[in-house]
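Undergrad: I'd like to go over a predicted model; first the sequence, then the structure.
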Amino acid sequence: MKVKKMLGLVLAATLAIGVLSACGSNTDKNATDSKDTAPGKAGEIYFLNFKPEIAETYKNIAKDYEAETGVKVKVVTAAAGTYETTLKSEVAKKDAPTIFQINGPVGYDAWKDYTLDLKDTKLYSYLSDQSLAVSSEDGVYGIPYVVEGYGIIYNDAIMQKYFALADKAVAISSAAEINNFATLKAVVEDMTAKKDQLGIKGVFSSTSLGAGEQWRWQSHLANIPLHYEFNDNTEFDNSTLAGLASDEITFKYGDNFKNLFDLYINNSVTTGKLLGSKTVTDSMAEFALGQSAMVQNGNWAWGQIGEVEGNTVEADNIKYLPMYTGMPGEEKQGLAIGTENYFSINSKVSAEKQAASVAFLEWLFSSEKGKSYVTNDLGFIAPFNTFTEAEKPADPLAKEVSTWMEKDLVSVPWTFAAFPSEEFKNYFGDALLEYAQGNKSWDDVVKIVIDSWKSERTK
């Protein structure tokens, strides 16, 4: 697999805060600290957890691990929104966390004096794609443990019905053969012309543009062209860091955004003038009820499909396409795959505790009991080759993300983490609504995007 580096998948708000420039001097990352030799009995490690909603599960995991290995795992969970503050406090203690979490390359930059090089561990070797890890020079300092993805979800039952038509206007015979914008556009527009034959109201679900409902477009769709714009800046290792360093943008690939956005609104269940009243819930219900064949969303949306009363979409017919916009070479583009969750090992604790901490994580992601917890209790799409198909999450969209990660394609990182503010996204989304309603030109939208990025970034 050749999934492109996704080291910049971080929350922009967190990054903007100065993320705790690490509490120590520029010492060797792999050196141990003698302060750890006193407290804490041998065979005990300390995991500082990021997510309160899964704290009890981690405590159960710790109990099972201790029963099996004799190694005690102390689990402490930071209160919501306080992880960085808690970590800063805890690493200063003699009994410091041995396992903690960073949120990408900026998180690594803040904590690089506390992160152990993991390149020679089994944990790193387990990654389905090692370019997902947070690395620097020849070292590996953060291991991703859960990923999510988004793209164009389609109902293959409707697509098969279309491809079975004797008078279809395209030469391909399945949705799986769509691999660029030109082909997608040809299929979608022909399906619109034949929507009565297909029994749908529109090819795409409604492009939800109500206030607070625009994130699929001003964040997720905008991620595609802005990733490519920032990726052109070779000064940076990845597009997110380039975006964070950019006080201005040109919206270089704005026309590519327009390509797909126009395809959505011109082939939709709802006309453009009415999209301001539509919500994501409306959009997902239209798809679930078979009123549309496609909808842009992430793997978290299965509940919004499967739980709709009257749902007609069978799990086996839920499939994904990448968000093609007409970029050169997009035949090799995959889904937008991302995470903000990486494990690091504290390089300041003893070598014994480092090894015991790595062993715990390797057990969690390779043993039968550990993997069962990961899939069934934590609900993670884990990016490790230790999981068989039967051991991966059962919902069909999670399965699809896992399948796309295994393809010989380039996934698009979550560059929207670098967007300057919520206000920027709101300006962008409101401009898109006015464009869809016919009240603004595309040039107006481009100007608003460029100007609001600059004004928000330089405040």
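TA: On my side now, so go ahead.

Undergrad: helix/strand/coil for K74?
TA: strand (DSSP: H, G, I helix; E, B strand; the rest coil).

Undergrad: close enough to count as contact, it and N49?
TA: No: when contacts are counted by C-beta atoms under 8 Å, K74 is not listed as touching N49 (10.5 Å). Placement of C-beta: from N, CA and C, glycine included.

Undergrad: More neighbours: which of these two?
TA: N49 (20 against 16; other C-beta atoms under 10 Å).

Undergrad: What about the closest residue to K407 other than its chain neighbours, how many residues nearby?
TA: Once flanking residues are discounted, K407 sits nearest to G334: 6.1 Å by C-beta to C-beta, 6 or more residues apart in numbering. Neighbour count of G334, defined by other C-beta under 10 Å: 24.

Undergrad: Please put the alpha-carbon coordinates of the helix or strand where G334 lies into PDB.
TA: Per DSSP states H and E: G334 is located in strand 333-338. Output in PDB follows, covering the C-alpha atoms of strand 333-338 (Å, rounded to 0.1, in the frame of the first residue of the first chain):
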ATOM      1  CA  GLN A 333      -6.400   9.100  -5.300                       C
ATOM      2  CA  GLY A 334      -8.100   7.200  -2.500                       C
ATOM      3  CA  LEU A 335     -10.400   8.300   0.300                       C
ATOM      4  CA  ALA A 336      -9.700  11.100   2.800                       C
ATOM      5  CA  ILE A 337      -8.200   9.100   5.700                       C
ATOM      6  CA  GLY A 338      -7.300  10.700   9.000                       C
END
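
Undergrad: right, and the helix or strand after it?
TA: Downstream of strand 333-338, the next assigned helix or strand under DSSP H and E is strand 342-345.

Undergrad: That following strand packs against which elements?
TA: Applying 3 or more C-beta pairs under 8 Å, 6 or more residues apart in numbering; DSSP states H and E, we find strand 342-345 packed against strand 99-102, helix 105-111, strand 139-144, helix 351-364.

Undergrad: Please tabulate the ones you listed in CSV, including the columns distance to G254, mean pLDDT and mean neighbour count.
TA: Below are the helices and strands packed on strand 342-345 laid out as CSV (distance: least, C-beta to C-beta, whole Å; pLDDT from 0 to 100; neighbours: other C-beta atoms under 10 Å):
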stretch, distance to G254, mean pLDDT, mean neighbour count
strand 99-102, 33, 96, 26
helix 105-111, 26, 81, 24
strand 139-144, 31, 96, 23
helix 351-364, 42, 97, 20
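
Undergrad: Which among the ones you listed is found nearest to T57?
TA: Comparing the helices and strands packed on strand 342-345 against T57 with C-beta to C-beta, the closest turns out to be helix 351-364 (11.1 Å).

Undergrad: Verify the stated contact: F384 with Y126.
TA: Yes: using C-beta under 8 Å, F384 is in contact with Y126, at 4.3 Å.

Undergrad: Just give the strands next to the strand holding G334 in its sheet, each with its orientation.
TA: strand 148-155 (antiparallel), strand 410-412 (parallel) (DSSP bridges).

Undergrad: Do me a favour and get the backbone dihedrals for S219.
TA: Backbone geometry at S219, expressed as degrees, to the nearest 10, gives phi -120, psi -60.

Undergrad: who's in contact with it?
TA: By C-beta atoms under 8 Å, 6 or more residues apart in numbering, the contact set of S219 is F416, F419, K425.

Undergrad: Now intersect these with the helices, please.
TA: K425 (DSSP state H).

Undergrad: wait, which of the contacts of S219 is closest to Q130?
TA: For the contacts of S219, the closest approach to Q130 (C-beta to C-beta) belongs to F416, at 24.0 Å.

Undergrad: In contact with the closest one, which residues?
TA: F416 makes contact with A12, S219, H220, A222, N223, L226 under the criterion C-beta under 8 Å, 6+ apart.
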